[in-house]
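Asks: have a look at this prediction, sequence included:
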Amino acid sequence: MRTSGRPLTGAQASRFQTAVRLLGERQVQQALALARELAFQAGDSADAQQLLGMCLAEASDQRGAEAAFRRALALAPTSQVVALNFGAFLARIQRLDEAAAVLESVPPVAQTLVQLGFVLLQMTDHGRARKAFEDAIGLGGGDGAAWQGLGSALRGLGELQSAADAFRRATELMPRHAPAWINLGHVLRLLGCIEDALACMHCARALGYDLEDLDDAINGLLLDAGQPAQALDGARALARRSPGYAPGQHTLANILWEFGPELAPGEDPLDAFRTAARERAGDRTMQLQLVRMLMAVRRPEEALSVLDPMRRKEPGDPVLKWFAADAFDALGEFEQASALYSAIAPRFPHSPDFLNAWTRHSFRRGMHDAARQHAERAVQVAPTNQEAWSNLGIAWRLLGDAREDWLFDYERLVGFVEVEPPPGFADRPSFLAALTRVLEGLHRASREPVRQSVRNGSQTPGRLFGRKDPTLRATEASLRTAVSQWLASLPHDPSHPFLGRNRDSVRIVGSWSVRLKSSGRHSNHIHNEGWLSSAFYVALPPSVRAGSPDNQAGWIQFGQPLEDLGLDLEPRRLIQPREGLLALFPSYMWHGTIPFDDVAPRLTIAFDAQTSGSD
């Protein structure tokens with residue numbers, strides 16, 4: 001607690017300790033009185049000034065606290081103690097850049113580096129945070145907090161395996177610290193290690209950690225583990241125990257949407273969500289979660305009915321206007337939507353999500369040049385945003401701009417690669433048959449998930465790759481080899497949003513399987529979480545295998561945008577799938593499938609990838 005600089009006298013040091021004790025006991029005014037007296041008697045003592053700063057901060061006098069801390073740092077410019085306390089104060093009032101600067105202004109020790117790392121995490125500067133935590137560990141400050149911070153930084157950088165290793169080290173150093181187990185569980189889930197992730201969450205619960213977020217995560221993991229009935233029971237129990245917990249209501253509605261036809265036939269998936277929202281009309285979070293769900297299941301009129309009382313109460317709220325604009329747009333009430341988008345545009349100049357929504361609306365209105373302008377702005381503010389690039393390419397196409405060909409280049413940037421069977425399989429048919437058996441066991445949903453492109457089919461929950469099944473692990477290795485070989489055949493073009501990020505290795509950021517039934521299809525879509533996307537054909541119905549240019553049922557198509565944009569554009573390229581073939585393409589490229597009519601299903605694996613260390 002003490003600093004360098006002019007020391008306090010014995011009596012002053014005694015009053016200093018008394019003030020610190022009072023502050024710890026939350027007797028702020030008594031502590032502040034002593035701190036003021038000390039600061040008056042020992043104005044050139046860094047100890048006295050920083051104590052005054054701490055007391056003023058607790059008394060909510062931000063201006064006075066800052067002045068006292070700055071005096072303390074001027075008196076002891078190399079004091080890590082002053083930097084720690086001043087940095088903590090600045091971080092608490094969300095002046096994060098200044099907090100980081102203060103912590104970096106003193107000679108580094110493990111404690112200042114760890115605090116700096118957590119400030120940088122708040123700033124989402126994961127690269128600098130990683131270095132701060134690694135430097136702290138290198139200086140011998142490898143306690144559980146440093147490893148936990150390092151895990152968070154690595155997770156933010158997409159280095160999930162290294163993040164898991166760091167969080168695992170944190171649990172070893174802090175075995176009774178439930179958040180460390182929860183963090184490890186979340187990363188293991190992202191890696192597809194479902195059983196291990198569940199074990200971590202149950203460990204946190206066994207430590208007495210009782211939060212809705214933990215129970216919600218366990219329910220999601222049960223779903224990933226292929227236990228939808230148990231997940232539904234858990235979600236119902238959480239909704240009964242904490243009806244005002246909006247994420248829990250959202251999880252329950254999603255489970256009922258996918259699995260309800262089998263597990264709860266006849267039940268409206270949104271009933272419990274509606275009831276909870278109706279009973280909590282003043283809960284903004286609950287209302288907006290319900291609106292998001294209603295929009296996802298294509299019920300914009302009902303979404304507006306939820307928004308209306310909120311908008312009457314807060315008529316100038318830009319977020320509510322944005323939600324309403326999206327709903328009016330979905331209903332085809334374009335004049336009202338347009339007025340709202342235009343009114344709130346100055347409030348969201350740097351939001352790619354808003355700019356993408358405004359672009360979609362402009363397409364629907366036939367305002368192609370306006371769509372181009374909004375998409376160009378979205379690309380400027382978020383150069384790796386996949387939807388922004390997809391929208392810009394379509395705008396170029398509508399305006400006759402040759403840059404569409406530069407961006408999409410359907411012949412070169414759509415690759416179809418033969419995937420070699422992994423070691424241990426005699427040939428491709430035996431490999432695909434074994435893989436089909438594994439995947440069929442994972443498809444338990446009665447219908448497609450919310451917010452996905454699947455129509456009349458099912459999609460496996462969670463991450464497909466990372467599970468302990470040996471066939472899935474072998475499949476992932478073969479697919480990675482095929483991806484690397486294809487990418488190596490492409491040039492590097494720094495000016496191109498796809499080729500400019502083509503590097504030696506990639507990391508998979510999402511993986512799943514889709515099983516389409518008769519008349520099933522993928523609506524046209526893009527993948528905003530990826531850089532490279534894919535489709536690996538595991539099993540195809542006879543009608544798709546026997547297709548021809550005159551019968552393209554079940555084929556994959558590229559270049560036709562989202563159907564509800566109302567654009568009369570034909571696909572630029574159609575390709576007949578073949579079992580054992582891997583399709584690879586930029587994540588911003590519009591793609592979908594043509595419906596087929598067959599008893600046998602169409603079974604695929606898909607994954608998204610990012611370049612390793614990508615921005």
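Replies: Sure thing, it's come through. Numbering: from 1, shown residues only.
Asks: pLDDT weak spots in the protein?
Replies: For the chain, the stretches with pLDDT under 70 are 1-5, 504, 613-615.
Asks: show me the domain layout of it.
Replies: Listed domain ranges for the chain are 10-167, 348-408, 415-611 (source: automatic domain parsing).
Asks: Met174 is nearest to which of those domains?
Replies: domain 10-167 (3.5 Å; C-beta to C-beta). C-beta here means a position set from N, CA and C on the backbone, and glycine is covered the same way.
Asks: chain center to the closest one, what's the gap?
Replies: 29 Å (C-alpha atoms, centre = their mean, to the nearest Å).
Asks: could you do stretch 306-313 as well?
Replies: Using C-alpha atoms, centre = their mean, the offset of stretch 306-313 from its chain centre is 28 Å.
Asks: buried residues, that stretch. List them.
Replies: The neighbour-count criterion (16 or more other C-beta atoms under 10 Å) identifies 306-307, 310 as the buried residues of stretch 306-313.
Asks: thinking again about what came up before, which among the domains of the chain is found nearest to Ser338?
Replies: That would be, of those and by C-beta to C-beta, domain 348-408, which comes in at 6.7 Å.
Asks: re earlier: nearest to Trp396, of the buried residues of stretch 306-313?
Replies: Leu307 (34.3 Å).
Asks: and stretch 84-104, what's buried?
Replies: So stretch 84-104, judged by 16+ other C-beta under 10 Å, has buried residues 84-91, 95-96, 98-100, 102-104.
Asks: so what's the residue count around Glu159?
Replies: 20 (other C-beta atoms under 10 Å).
Asks: backbone torsions only: list them for it.
Replies: Main-chain torsions, Glu159, degrees, to the nearest 10: phi -90, psi 80.
Asks: and what of Leu516?
Replies: phi -90, psi 140.
Asks: contacts only, for it.
Replies: Counting by C-beta atoms under 8 Å, 6 or more residues apart in numbering, Leu516 touches 454, 456-457, 522, 593, 596, 601-603.
Asks: got it, and Gln289?
Replies: Contacts of Gln289 by C-beta under 8 Å, 6+ apart are 246-247, 249-250, 273, 277.
Asks: would you mind measuring from it to Ile255?
Replies: Counting by C-beta to C-beta, to the nearest Å, the separation of Gln289 from Ile255 is 15 Å.
Asks: same check on Phe585?
Replies: Counting by C-beta to C-beta, the gap from Phe585 to Ile255 is 32 Å.
Asks: in terms of neighbours, single out the busier of the two.
Replies: Between Phe585 and Ile255, counted using other C-beta under 10 Å, the more crowded position is Ile255 (28 against 24).
Asks: check contacts around the more buried one.
Replies: 219, 223, 228, 231-232, 235.
Asks: mind running it again at 10 Å?
Replies: Taking C-beta atoms under 10 Å, 6 or more residues apart in numbering as the criterion, Ile255 is in contact with 219-220, 222-223, 228-229, 231-236, 263-264, 269, 445, 449, 461.
Asks: now do whichever strand or helix holds it: distance to the chain's middle.
Replies: Per DSSP states H and E: Ile255 is located in helix 246-263. Helix 246-263 sits 20 Å away from the centroid of its parent chain (C-alpha atoms, centre = their mean).
Asks: extract the C-alpha set from that helix and format it as CSV.
Replies: Extracted in CSV, the C-alpha atoms of helix 246-263 (Å, rounded to 0.1, in the frame of the first residue of the first chain):
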residue,chain,number,x,y,z
ALA,A,246,-34.0,-13.3,-20.7
PRO,A,247,-31.2,-15.6,-22.1
GLY,A,248,-32.8,-18.6,-20.4
GLN,A,249,-36.1,-17.8,-22.0
HIS,A,250,-34.3,-17.5,-25.3
THR,A,251,-32.6,-20.9,-24.9
LEU,A,252,-35.9,-22.5,-24.0
ALA,A,253,-37.6,-21.1,-27.1
ASN,A,254,-34.8,-22.2,-29.3
ILE,A,255,-34.9,-25.8,-27.9
LEU,A,256,-38.6,-26.0,-28.4
TRP,A,257,-38.3,-24.6,-31.9
GLU,A,258,-35.9,-27.3,-33.0
PHE,A,259,-36.9,-30.3,-30.8
GLY,A,260,-40.5,-29.4,-29.7
PRO,A,261,-42.3,-31.3,-32.5
GLU,A,262,-40.9,-34.5,-31.0
LEU,A,263,-40.4,-33.6,-27.3
